[in-house]
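Enquirer: After the sequence you'll find the predicted model.
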Amino acid sequence: MTPTIFKIIFLLAIVVETAWEIFLTHKNIVWTNKNRGKIPSYLAGKTSSDELTKSADYLAAKGVLATYEGLYNLVIIFAVILFGVIGTIDSFLAPLGNIYLRAGIFFFLITEIQNMLNLPFSIYRTFVIEERFGFNKTTPELFFKDLAKEMIVGILVTIPLLLGVVWFISEYNLWWLYSWVLILSFSLFMTWLYPIIIAPLFNKFTLLPDGELKNLIKELAEKLGISIKEIRVMDASRRSGHSNAYFTGFGKVKRIVIFDTLIEILNNKELLSVLAHELGHFKKRHILKRIFLLQILLLAGLYLASLGIGFDWAYKGLGLNINNWSAIVVFALVAPRLTFWFTPLSSWHIRSHEFEADSYAKEIIGTGEHLQSALIALEKNNLSNPEPDPLYKKWYYSHPTVGERIDALS
Ligand SMILES: [Zn+2]
């Protein structure tokens, strides 16, 4: 392989991927517009044609923005690769000498430049699209405060990890195995750290006050033999009107987090069904299974990378310098080009978990009725698309459609 051929293959892969994404997005918009305002049978009497039209408009607005963003990213990646921008940044830092200092600043610059380049889209999404459809509650001040916090947390979390990998690559032949152990331990550590240290930097988590809801949740958890340390309500409404709930925890420190927006739109029975669904994910070990699968894939990916570490044509083709941290950049640039084509497989896997969690919730609560009405309320609240294009759904949907879930629950 020569650097030029590798460069052409890489750029071609990016073009095909972007074209495919844009094709799917537009196929979905066209499909949705064809059914515009048509009320699916499960929503009969529960929604209006106007509401469904609004949901189709929301989908189209997001799709158009995603298309521009895809094209914009394509232009940037072409410029970066063809002009060897990453290698130039690296060479610029060469006078620093010490490789860890140099690699640390290099990763910092690369990440922040990337964040800044994507910022206009993120601003437009929040303050134009989300605003127009009534979801946005964030202020410019809060938005930029969040951005600064995310930047600091991102640096503290990722740079040490990357430097660890650089160290392994520099010192050991088995670097891929050691790196994997490091990343695995680190992600387990983050699962523990995230809810207690990082999430509270962005949101307030207040204890759910005593009352009917709290008693119902405790009863449910007891029945399932899960000891819940605490139930907290997150002030999601500070930023957005979208609603959700989740369950986290390791060993004995388990907590349920409910978005305040969810409490606003669901009644207690519906909320309890949603939580039963979340507990279903835990009981069926879905999260563990997903982590396990991802880690196996990561290990395989790192091993493959170790076979390619001496391929100078890959570095040169992408306009990088030949050194140990460029290997990480090659991995970060090349791996997504391969994993992208497995998206439908991963979506299908996660969708099957959703059906399992739904049927678990139905079994525990004794009826699927409340979960059904909760799903409808959530779909309306989030302006989700009730009938996506079939191919788009197969590719991207991590959840079955509400119609499919309601059928399965009946
Ligand atoms: Zn779920």
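Expert: Now that the structure is in, tell me what you want to look at. Residues are numbered from 1 along each chain as shown.

Enquirer: For the protein, which segments count as strands?
Expert: With DSSP state E, the ranges of strands along the chain come out as 205-207, 230-234, 245-250, 253-259.

Enquirer: Any idea which of these gets closest to Phe127?
Expert: strand 253-259 (21.2 Å; C-beta to C-beta). For glycine as for every other residue, the C-beta is placed from the backbone atoms N, C-alpha and C.

Enquirer: got the buried residues for the closest one?
Expert: 254-259 (16 or more other C-beta atoms under 10 Å).

Enquirer: that older thread, out of the strands of the chain, which is closest to the ion?
Expert: Comparison of the strands of the chain against the ion by C-beta to the ion identifies strand 245-250 as nearest, at 9.2 Å.

Enquirer: Check the protein for its longest helix and report it.
Expert: For the chain, the longest helix by residue count, based on DSSP state H, is helix 49-82.

Enquirer: quick one on the thing from earlier: include mean pLDDT when you put the strands of the chain into TSV, please.
Expert: Below are those laid out as TSV (pLDDT from 0 to 100):
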stretch	mean pLDDT
strand 205-207	94
strand 230-234	91
strand 245-250	68
strand 253-259	82
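
Enquirer: can you tell me which of these comes nearest to Ile364?
Expert: Comparison of those against Ile364 by C-beta to C-beta identifies strand 245-250 as nearest, at 13.8 Å.

Enquirer: From the contact counts, what lies against the longest helix of the chain?
Expert: helix 3-34, helix 99-124 (3 or more C-beta pairs under 8 Å, 6 or more residues apart in numbering; DSSP states H and E).

Enquirer: Now do the buried residues in it.
Expert: 52, 54-63, 65, 67, 69-70, 73-74, 77, 80-81.

Enquirer: The ion: which of the helices and strands packed on helix 49-82 is closest?
Expert: helix 3-34 (21.8 Å).

Enquirer: any idea of the angle the closest one forms with helix 49-82?
Expert: Counting by axes from the mean of the first three to the mean of the last three C-alpha atoms, to 10 degrees, helix 3-34 lies at 170 degrees to helix 49-82.

Enquirer: gap between helix 3-34 and the chain center?
Expert: The chain centre lies 20 Å from the centre of helix 3-34; the measure is C-alpha atoms, centre = their mean, to the nearest Å.

Enquirer: And that helix, what does it pack against?
Expert: With contacts taken as 3+ C-beta pairs under 8 Å, 6+ apart, helix 3-34 sits against helix 49-82, helix 312-317, helix 324-339, helix 390-396.

Enquirer: want to throw the strands of the chain into TSV with distance to Ile89?
Expert: Listed next are the strands of the chain as TSV, based on distance: least, C-beta to C-beta, whole Å:
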stretch	distance to Ile89
strand 205-207	39
strand 230-234	38
strand 245-250	37
strand 253-259	39
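
Enquirer: what's the closest of those to Tyr315?
Expert: Taking the strands of the chain one by one with C-beta to C-beta, strand 245-250 is closest: 39.5 Å.

Enquirer: Just put the helices and strands packed on helix 49-82 in CSV and tack on mean pLDDT, mean neighbour count and distance to the ion.
Expert: Putting those into CSV (pLDDT from 0 to 100; neighbours: other C-beta atoms under 10 Å; distance: least, C-beta to the ion, whole Å) gives the following:
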stretch, mean pLDDT, mean neighbour count, distance to the ion
helix 3-34, 97, 16, 22
helix 99-124, 95, 16, 26
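
Enquirer: per-residue confidence at the residue lying farthest from the centre of the chain?
Expert: In the chain, counting by C-alpha atoms, centre = their mean, Pro95 sits farthest out from the average C-alpha position, at 37.6 Å. At Pro95, the model reports a pLDDT of 94.

Enquirer: can you check Thr53 too?
Expert: 93.

Enquirer: Which residue, other than its chain neighbours, is closest to it?
Expert: Of all residues not flanking Thr53 in the chain, Gly37 sits nearest, at 4.8 Å (C-beta to C-beta, 6 or more residues apart in numbering).

Enquirer: can you check Asp389 too?
Expert: Leaving aside its chain neighbours, Asp389 sits nearest to Trp31 (3.7 Å; criterion: C-beta to C-beta, 6+ apart).
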